[in-house]
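>>> All I have is the shape, not the residue letters:
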Ligand code: FES
């Protein structure tokens, strides 16, 4: 589908917050927390689409949170309101939605925070206010934290101690001492593997959203394959969210 750029905001740390809206009075398809979209970044003159988590979504606005790391994601910063952009959405399997009354801990590292706002907002609709532990190198963007605080009890964690808890998410008391029915995590693989080790030790039910490199997003190119307990599986079609017992961590 072709969407129109509504806004492109630059956040602290170089993150791009992008809003996309359908043409006229069209509506966006239903998207679930943890699913992702593929974006054709024509301005970057690259052949392949790029995958991005769904940061937030209504039937009229799709929000993405992008860390510019390469030509395509950097080019997204040059889009202006009114520009057209081609998007394939939604793709993949998202997070399990915990039943009403559950205690849920969400952990996001860096731009891995992206899918957790929409997940928390959806959980709010079930009467659940999750705890979010958000790990960053240094003090994160205030507007982003304000959005997260609307839907969750936000615990910030910084490597340099400039805001919140001084240390890594794996050291945060919410994880080491808290008691939850479900833990859901997105971030760098090293971080998630360390979280998984702690969660397993505590017998915590957990899910992890993998950030493997992707090209087609449709299960055709096999560049996103991950070794799981049931063999090699495509992160784009079998994930990106996997249950703890599916990962040999
Ligand atoms: S991205 Fe092509 S198979 Fe997953």
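Cool, the structure landed. All of these numbers come straight from a predicted model, not from anything done at the bench.

>>> ok, and for the least confident helix or strand in the chain by mean pLDDT, which residues are buried?
One helix or strand of the chain scores below all others by mean pLDDT, DSSP states H and E: helix 71-75, with a mean of 90. Within helix 71-75, the residues scored as buried using 16 or more other Cβ atoms under 10 Å are 72-75. All C-beta spots, glycine's among them, are computed from the backbone N, C-alpha and C.

>>> what do you get for stretch 50-59?
Judged by neighbour count (16+ other Cβ under 10 Å), stretch 50-59 contains these buried residues: 50-57.

>>> End to end on it, go ahead and measure it.
22 Å (Cα to Cα, to the nearest Å).

>>> can you tell me if it touches the ligand.
No: for stretch 50-59, no contact with the ligand is found by Cβ under 6 Å from any ligand atom; the gap never falls below 7.5 Å.

>>> Got the domain ranges for the chain?
2-91, 104-211 (automatic domain parsing).

>>> what kind of secondary structure is residue 150 in?
When classified by DSSP: H, G, I helix; E, B strand; the rest coil, residue 150 comes out as helix.

>>> For the buried residues of helix 71-75, give me JSON lines that also has distance to residue 247.
Formatted as JSON lines, the buried residues of helix 71-75 follow (distance: Cβ to Cβ, whole Å):
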{"residue": "72", "distance to residue 247": "28"}
{"residue": "73", "distance to residue 247": "26"}
{"residue": "74", "distance to residue 247": "31"}
{"residue": "75", "distance to residue 247": "33"}
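
>>> Wait, residue 35 touches residue 51, no?
No: taking contacts as Cβ atoms under 8 Å, residue 35 lies outside contact range of residue 51: 10.5 Å.

>>> Identify all contacting residues around the longest helix along the chain.
In the chain, with assignment by DSSP state H, the single longest helix is helix 189-202. Outside helix 189-202, the residues within contact range by Cβ atoms under 8 Å, 6 or more residues apart in numbering are 107, 109, 112, 135, 168-170, 175-176, 183, 185-186, 206, 208, 210-211, 244, 247, 249.

>>> now those: which count as buried?
107, 109, 112, 135, 168-170, 175, 183, 185-186, 206, 208, 210-211, 244, 247, 249.

>>> The residues you listed in strands, which ones?
107, 109, 135, 183, 185-186, 206, 208 (DSSP state E).

>>> Which two among the residues you listed are spaced furthest apart?
135 and 206 (16.1 Å; Cβ to Cβ).

>>> Not counting sequence-adjacent ones, nearest residue to residue 175?
What sits nearest to residue 175 in space, not counting adjacent residues and going by Cβ to Cβ, 6 or more residues apart in numbering, is residue 198, at 6.0 Å.

>>> Distance check, the one you found against the ligand.
Plainly put, residue 198 is 29 Å away from the ligand if you go by Cβ to the nearest ligand atom, to the nearest Å.

>>> now residue 138
In terms of Cβ to the nearest ligand atom, residue 138 sits 32 Å off from the ligand.

>>> from the chain's centre, how far out does the least confident helix or strand of the chain sit?
18 Å (Cα atoms, centre = their mean, to the nearest Å).
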